[in-house]
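>>> attaching a predicted model along with its sequence, questions to come.
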Amino acid sequence: MNQILSLLGVIVFFSAFLVWTFYPELPSSVLGWGALIIIGIPSYLFLEWLSEVVLSSQFFKSRSSFSRIILGVPIVLILLVVALLIVGFVQQSINAIGG
């Protein structure tokens, strides 16, 4: 019983976090909630992984402070555009499946 409640708590936590992340596309059906969890969690984990790989690379650590700023700002802007594209894709998917 404890494991079931723990699993339910984790699902509720992830669902609330995904709703906050992909707002204003709120699912209105069970299929939409399934799409939010099935598509939303991997896309969020991919964005976290991508930013961690890009921003913590040895390429930036070996540069001076000035060159890190000059190179980092465009890279962060590109990461922002990629994140917006992925969030837009998830929102459209939720809307199309069961929003």
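Cool, the structure landed.
>>> CA atoms for contacts and neighbours, from now on please.
Fine.
>>> tell me the secondary structure for residue 63?
The three-state label given to residue 63 by DSSP: H, G, I helix; E, B strand; the rest coil is coil.
>>> quick check: it vs residue 57, distance?
Counting by C-alpha to C-alpha, to the nearest Å, the gap from residue 63 to residue 57 is 11 Å.
>>> what of residue 93?
Distance from residue 93 to residue 57, by C-alpha to C-alpha: 32 Å.
>>> who has more neighbours, those two?
residue 93 (18 against 11; other C-alpha atoms under 10 Å).
>>> so where do the helices sit in this protein?
If DSSP state H is used as the criterion, the helices of the chain fall at 2-21, 30-55, 58-61, 65-98.
>>> what comes up buried for the third one?
Buried residues in helix 58-61, counted by 16 or more other C-alpha atoms under 10 Å: residue 60.
>>> list of residues touching that helix?
Helix 58-61 is contacted by residues residue 68 when judged by C-alpha atoms under 8 Å, 6 or more residues apart in numbering.
>>> and it, average pLDDT?
Looking at helix 58-61 alone, the average pLDDT works out to 76.
>>> send me that helix as CSV with only the CA atoms.
Taking C-alpha atoms only, helix 58-61 is exported to CSV below (Å, rounded to 0.1, in the frame of the first residue of the first chain):
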residue,chain,number,x,y,z
GLN,A,58,35.2,21.5,-21.1
PHE,A,59,35.1,24.0,-23.9
PHE,A,60,33.7,26.7,-21.7
LYS,A,61,35.8,25.9,-18.7
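>>> what is the least confident helix or strand in this protein?
helix 58-61 (a mean of 76; mean pLDDT, DSSP states H and E).
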